[in-house]
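> mind looking at a prediction? Sequence and model below.
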Amino acid sequence: MSLRLEKHEHYVDLVKQRDGLECDVCDRSYGDGFYCSECKFTVHRKCAVVFLLKDIFDHPSHVGHYLKLLTTGAPDHTDPKCHLCGKNTKRILYHCSICKLNLDIDCIFDYFSDQQAHLNFSWHHHPLHFISFRLHLQCDVCYMFRRKGYFCFQCKLVVHKECVSKIESAVITHPFHARHPLKLLTDGAPDYTDPKCHICGVETANLLYHCDMCMFNLDIGCAIRNPERVSLSKLKVHEHTLTLMPKLMFFVCDACGMKGDHAPYVCVQCDFMFFHQKCAYLPRVINVNHHEHRVSYKYPLGPGDWICGVCWEEINWSYGAYSCSSCPNYAIHSRCATRKDVWDGKELDGVPELIEDIKPFKMNDDNTITHFAHGHNLSLNKDTEEGSFCEACVLPIDSYTSYKCSKSDCCFILHETCANFPKKKRHFLSPEPLTLRPQNQRKKESICRACDQVFCQGFVYSTYRKRNFDLLCSSITMPFKHRSHDHHLLYLKLEVDHTKTCQNCGIDEKEVVLGCLKCNYFLDFRCATLPYTVRLPRYDDHPLTLCYGEKASGKYWCDICERETNSKTWFYTCKGCGVTLHVFCVLGDIRYAKPGGSINNNVELVPNNRSSRPLCHNCHCHCPGPFILKDFVEECFCSYYCFSRCKSWMSIVKKEKGICPPWAL
């Protein structure tokens, strides 16, 4: 993310604290900030307020000349020390070019604090200035980002105008620490204490309440929210009243079996059972997307060799967990069962379970079936159907058993396997149930939210929010065993700003991957669902086999595009003929495509089976894939990637010869 700071000529990039942030204004390490690659300075968000200040003409220590902001450090011909305090200046400072004078930012902040209009609040020992941040600074009370508020130049304290009223006074009595009054601190937790809030465990910011006798810290959020949480009763996971123990302490939660380090809830009646604050609110009965039945909370889980159905790690049976009454060997960790990507957030205790009819068809008396996706009856067909494609998976029927429309003038046909796909199912790709539906060719093409592949025909599984998943991705079960790795792979939902690199194509994935954490081995869904064998009659009569890379000294050449293949990445090969082929040249980048199909209503899919292959309008290479995309002006594209690039504004800015999809070679 790049943006412009006020009065600075270059763009700056947003950097996180974990990136090794060393601010060139202050010596403290907190929050995030900005980095200028041209001037080589880094500044905290709050310290970046210096860019809002004006050049100084009448500084008390230097009257008559302007002091201007520099971002590249003190000039070589000057003393780098501050003229006032004697400290060494950093890259950001104020400078007088006439007198060769340097002032550090702290001294400038002291000056502005005295000169500018300000307000004095009883709970803060420095004046606060109401300014427009233009940087969306984070408030130390509500932790939200806004443009206007009160700012302390000395402490870097930020308080939105709306949040001033939330700070009652400099001293309060709070139910979380009723023994002693708590004093408001505005420059961070004292050095002799753990800076974490004793209630929520989050590291406190500038503003907090503190008891110096007990070395107790309470952040503003916990001070103003839910003081009634001192005791809890009528909970789903425990029959007794739980009492909050407001202190930093190590414990093992009886509800989930995980360790904790702050403010547990305690049941005195049960010999001091400990609960995380979140675990005290665990639901009793829920649906999870890794299992077809409801699961219920149970404490303790009971003796047995239990393996979690989500993370596939061992469950300690002496603690609480979720289990299935219908499947005696199925259980899930409490934390795994209530993850946002596993549970839909609905408590089902007391809600009657409705049994839905998920069968895709009903059997008729005349041995035909009525499938929900077709208006005519279908008959079981065991004849070879050359040239026919399944309406669900869009693969050739060939000699597979199928269901065919009984009407002679209707060509609707389904593989027997595809005809049995359930209308609804639970799957790890979505906490909501997935619904099977035919893809409407009249609409714009869909993109699978798991593999990011485009598909224009066939059946899809969708959520009610219209998130689509193709049949391949939605047929994967956990744990997933792939031929390229010795251990099973698990579905991993990545956190914000975290990426994993696919072992095959080398592309960084930001949302979901299949991976083995033990070996640091990850695959994106596109690579994980590549077919192991493929038939490509136009190039080879034998089946092609997917090869998972080789340490070869020689060079391999693709027999389709006649360019070199990278032997370390995956490719297709014929063991009998010895040919090697790029994955992209064999499969293209559009799934569920057949001759006569279209995308975007006016882009036709034409088989690439001519003796001379056309040139792609975007990358100017001969189209290698199984299909050519041809638009209404007869322009040809080798892939959806090239089509979308050429039709976007990015192609106007930069168009180079030989650019193909990043996974093509």
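Structure's in. What do you need? Note that the coordinates shown come from a computational prediction; the quantities given were computed from them, not determined experimentally.

> neighbours around the nearest residue to T499 once chain neighbours are set aside, how many?
Distances taken as CB to CB, 6 or more residues apart in numbering place D508 nearest to T499, at 4.2 Å, with adjacent residues excluded. Every residue, glycine included, has its C-beta placed from N, CA and C. Around D508 there are 13 other residues, counting by other CB atoms under 10 Å.

> bridged to D508, which residues?
Bridge pairing for D508 (DSSP bridges) gives the partners T501.

> next, the contact list for it, please.
499-502 (CB atoms under 8 Å, 6 or more residues apart in numbering).

> one more time with 10 Å
By CB atoms under 10 Å, 6 or more residues apart in numbering, the contact list for D508 reads 494, 498-502, 522, 524.

> could you report the pLDDT at it?
Listed pLDDT for D508 reads 86.

> any idea how far it is from Q154?
With distances taken as CB to CB, to the nearest Å, D508 is found 42 Å from Q154.

> just checking, F130 touches G149?
Yes - using CB atoms under 10 Å, F130 is in contact with G149, at 7.3 Å.

> give me the more crowded residue out of those two.
Counted by other CB under 10 Å, F130 and G149 do not tie: G149 has more neighbours, with 24 against 14.

> part of a helix, is the more buried one?
No - assigned with DSSP: H, G, I helix; E, B strand; the rest coil, G149 falls outside any helix and is strand.

> identify the residue spatially nearest to it, adjacent ones excluded.
Counting by CB to CB, 6+ apart, the residue nearest G149 is H160, at 4.3 Å.

> before we move on, what about G515?
F522 (3.8 Å).

> ok so, going back, nearest to H333, of the contacts of D508?
Among those, L494 lies closest to H333 (CB to CB), at 19.6 Å.

> just checking, that closest one touches T501?
No - judged on CB under 10 Å, L494 makes no contact with T501 at a distance of 11.5 Å.

> what residues of stretch 188-208 count as buried?
Neighbour-count burial for stretch 188-208 flags 188-189, 193, 196-201, 204-208 (criterion: 16 or more other CB atoms under 10 Å).

> hmm, I was thinking of stretch 36-46
In stretch 36-46, counting by 16+ other CB under 10 Å, buried: 36, 39, 41-46.

> and stretch 380-396, by the same measure?
Counting neighbours by 16+ other CB under 10 Å, the buried set in stretch 380-396 is 381, 385, 388-396.

> just the C-alphas of that stretch, formatted as CSV.
Presented in CSV, the C-alpha positions along stretch 380-396 are these (Å, rounded to 0.1, in the frame of the first residue of the first chain):
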residue,chain,number,x,y,z
LEU,A,380,-29.9,-45.4,-17.4
ASN,A,381,-27.5,-45.7,-20.4
LYS,A,382,-24.6,-48.2,-20.6
ASP,A,383,-23.8,-47.6,-24.3
THR,A,384,-20.6,-45.8,-25.4
GLU,A,385,-21.4,-42.2,-26.1
GLU,A,386,-18.6,-40.8,-28.2
GLY,A,387,-18.6,-37.0,-28.6
SER,A,388,-21.0,-36.5,-25.7
PHE,A,389,-20.1,-34.4,-22.7
CYS,A,390,-21.5,-34.7,-19.2
GLU,A,391,-23.6,-31.6,-18.3
ALA,A,392,-22.2,-31.7,-14.7
CYS,A,393,-18.4,-32.2,-15.0
VAL,A,394,-18.2,-31.3,-18.8
LEU,A,395,-15.9,-34.4,-19.4
PRO,A,396,-16.5,-36.9,-22.2
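
> buried stuff in stretch 567-574?
Per 16+ other CB under 10 Å, stretch 567-574 contains these buried residues: 567, 569-574.

> any idea how far L244 is from N609?
Counting by CB to CB, the gap from L244 to N609 is 72 Å.

> what does D219 give?
Shown here: D219 relative to N609, a distance of 67 Å by CB to CB.

> neighbour count winner among L244 and N609?
More crowded of L244 and N609, by other CB under 10 Å: L244, with 19 against 12.

> how far away is that one from H238?
From L244 to H238 the distance is 14 Å (CB to CB).

> any common contacting residues for these two?
232, 265, 275, 280.

> quick check: end-to-end length of stretch 353-371?
26 Å (CA to CA, to the nearest Å).

> same question, stretch 508-527
End-to-end span of stretch 508-527 (CA to CA): 13 Å.

> same deal with stretch 595-614?
Stretch 595-614 end-to-end distance (CA to CA) = 17 Å.

> and for stretch 124-132?
Stretch 124-132 has an end-to-end distance of 20 Å (criterion: CA to CA).

> sweet, I'm off.
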